[in-house]
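Trainee: I'd like to go over a predicted model; first the sequence, then the structure.
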Amino acid sequence: MDLSDLKSQMIRDTYGLNADYSKIFSFVDFGNVTRWFAEDRQDNDNRPLTDDQFVQIDLEKFNTFLHAFSQDVRFYYGHDLRRSNSMAFLRKTKHVFGSNRVFTKPIQWVRHHITPEEAATATQNLLADAQGIYIELPKCNFDVEISVDATKTLEKYETFCLLSGDADFMYLNTYLRSKGKKVVLLKSGHITRRLRSSANLVISASDIKRHIVMIESKNLAQGQVSADDKPGYPGQVKGV
């Protein structure tokens, strides 16, 4: 057994991915994954971060971790044509995961009107129309795409691994288990009881953090952090 195989076996053993979980295909709902550590204020050794530091996903480490137990990894994320760093991020993901394993579509921006009181504390850019003050909220989920692809490739895998905490996937998980598949769920924070019970194995993002993140910093003193540069935004993923 070489070093790569040894590391792969260690990861499988650590997270309970025993022989029952064979031929794993992983489906990454990256819009969900980007929020996993957005509020995290500790490094991998549980030391507090400084004010200008944040936790970010390292795409290379993320890819290496997933391929330690997955025979295939499919990456889903929406792009924003209005932002150059969003397109740079997609180029990076295609380089890391492979252009035929990255699935994307444009983000739709939805107007959400707010009160003057809410506007006073809003961190997003404020806009206005005839109806009043509003902010734009991104809308771009891949529930349908992941569900269709998981169903189309059903005969190619024995274990479906989903990286998301979206409760809408409960129906898909239940369907796949009815077809004899194992379901592994990698999630962060609270999830519904029904989503949890729809999986055979649930792994917390906090438990895999050391394998997939790095600590980055911005020079707050020089005002280099903008609303679009907050942790979790694609431009803040390593390599972009």
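Mentor: Received it, and whenever you're ready, just let me know what you need.

Trainee: Now the element after the longest helix along the chain, going C-ward?
Mentor: Determined from DSSP state H, the single longest helix within the chain is helix 84-97. Later in the chain than helix 84-97, the nearest helix or strand by DSSP states H and E is strand 102-103.

Trainee: ok, that following strand: who's next to it in the sheet?
Mentor: strand 70-76 (parallel) (DSSP bridges).

Trainee: Residue 137: neighbour count?
Mentor: Residue 137 is flanked by 11 other residues according to other C-beta atoms under 10 Å. Placement of C-beta: from N, CA and C, glycine included.

Trainee: Now do the contacts for it.
Mentor: Residue 137 makes contacts with 109, 110, 112, as judged by C-beta atoms under 8 Å, 6 or more residues apart in numbering.

Trainee: which residue sits closest to residue 212 in space, ignoring its chain neighbours?
Mentor: Leaving aside its sequence neighbours, residue 212 sits nearest to residue 62 (C-beta to C-beta, 6 or more residues apart in numbering; 4.5 Å).

Trainee: swap in residue 113?
Mentor: Leaving aside its chain neighbours, residue 113 sits nearest to residue 134 (4.5 Å; criterion: C-beta to C-beta, 6+ apart).

Trainee: mind listing what the residue nearest the centre of the chain touches?
Mentor: Centroid-nearest residue in the chain: residue 33, 1.8 Å away (criterion: C-alpha atoms, centre = their mean). Contact analysis of residue 33 by C-beta under 8 Å, 6+ apart lists 57, 163, 164, 205.

Trainee: Show me the chain divided up by domain.
Mentor: Domain segmentation of the chain under automatic domain parsing yields 3-105+141-236, 106-139.

Trainee: possible to save the ones you listed as JSON lines with mean pLDDT?
Mentor: Listed next are the domains of the chain as JSON lines, based on pLDDT from 0 to 100:
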{"stretch": "domain 3-105+141-236", "mean pLDDT": "90"}
{"stretch": "domain 106-139", "mean pLDDT": "88"}
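
Trainee: among these, which is the most enclosed?
Mentor: domain 3-105+141-236 (a mean of 17; mean count of other C-beta atoms under 10 Å).

Trainee: you'd agree residue 142 is up against residue 28?
Mentor: No. Using C-beta atoms under 8 Å as the test, residue 142 is too far from residue 28 to be in contact (9.4 Å).

Trainee: if we can go back for a sec, helices or strands up against the longest helix of the chain?
Mentor: Applying 3 or more C-beta pairs under 8 Å, 6 or more residues apart in numbering; DSSP states H and E, one finds that helix 84-97 contacts helix 59-67, strand 70-76, strand 102-103.
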